[in-house]
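*Asks:* Coordinates for the following, if possible.
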Amino acid sequence: MSLVDPSLALIPLAEQTAEGPPAAAFVVFGTCLVLLTGAVLLMIRALRGPTVFDRILAVNAMGTKTVVLVACIAFLDLGHADPSFYLDTSIVYALINFVVTIAILKYIQYRRLS
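*Replies:* Predicted coordinates for the structure are as follows:
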């Protein structure tokens, strides 16, 4: 006998309880706050980093935190919108973040992009 009701899988998470938002929404909201706090600390590191590589690493980590934050927002907004928009946006942003980081590091090492 299953403890999980399979019919609840088709209902958006925000609409499964009538008493208020589910407990998972509070966990995701807390995760978003922790990610934003980490992004502020990374911004300080990017501005005060002793070397250019520390600054690049901090900016790259902020981009990664942004991707995770957009995915968390997709989870929080399940009841109102299609989460695929947020997830597609986060995937594209992750690819752009990766390519730009590699291009900047290559430019710093060789002083040219080709």
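*Asks:* quick one: what helix or strand has the residue nearest the centre of the chain in it?
*Replies:* Nearest to the geometric centre of the chain sits residue 68, at 1.6 Å (CA atoms, centre = their mean). Element membership of residue 68, judged by DSSP states H and E, is helix 52-76.
*Asks:* re the thing from before, who touches the residue nearest to the centre of the chain in this structure?
*Replies:* Residue 68 sits next to 35, 90 when contact means CB atoms under 8 Å, 6 or more residues apart in numbering. No exception for glycine: its C-beta is placed from N, CA and C like everyone else's.
*Asks:* roughly how far apart are it and residue 108?
*Replies:* 26 Å (CB to CB, to the nearest Å).
*Asks:* now do residue 55
*Replies:* 11 Å.
*Asks:* what does residue 26 give?
*Replies:* With CB to CB as the criterion, residue 26 and residue 108 are 42 Å apart.
*Asks:* And for residue 69, the neighbour number?
*Replies:* Neighbourhood size, residue 69 [other CB atoms under 10 Å]: 18.
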